[in-house]
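> got a sequence here, can you model it:
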Amino acid sequence: MADIGDSGFLKIANESDRVAVATILYKNGYTVRPVRKKKNGKANEYYVSYKIEAQDITEATNEN
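As a prediction, the model looks like this:
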């Protein structure tokens, strides 16, 4: 996870773990968002979607 244009999903069941991972990624210049996907009708699977773009890298380096 460091090249421009990298993106993906991290499957994390525990909400506090999702928040912690999303916070770390965000503070390191990634665009993050929560994703919920239906699993077997009623149950849900939870993911953190992440993406790094050239604009995100430029903004992150200017803040430091």
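> which sections of the chain are below the confidence cut-off?
Counting by pLDDT under 70, the ranges of the chain that qualify are 1-2, 55-64.
> and with 90 instead?
1-6, 28-29, 39-42, 52-64 (pLDDT under 90).
> which strand or helix spans the residue lying farthest from the centre of it?
Here the centre of the chain is the reference, and by C-alpha atoms, centre = their mean the most remote residue is Gly41, at 24.9 Å. Assigned by DSSP states H and E, Gly41 falls within no helix or strand.
> Val21 now?
helix 15-27.
> next SSE downstream of that helix?
Following helix 15-27 in sequence, per DSSP H and E, is strand 31-39.
> just the angle for that following strand relative to helix 15-27, thanks.
Using axes from the mean of the first three to the mean of the last three C-alpha atoms, to 10 degrees, the direction of strand 31-39 lies 150 degrees away from that of helix 15-27.
> please name every helix or strand in contact with strand 31-39.
Judged by 3 or more C-beta pairs under 8 Å, 6 or more residues apart in numbering; DSSP states H and E, strand 31-39 is in contact with helix 15-27, strand 43-51. (Each C-beta comes from the backbone N, C-alpha and C, glycine too.)
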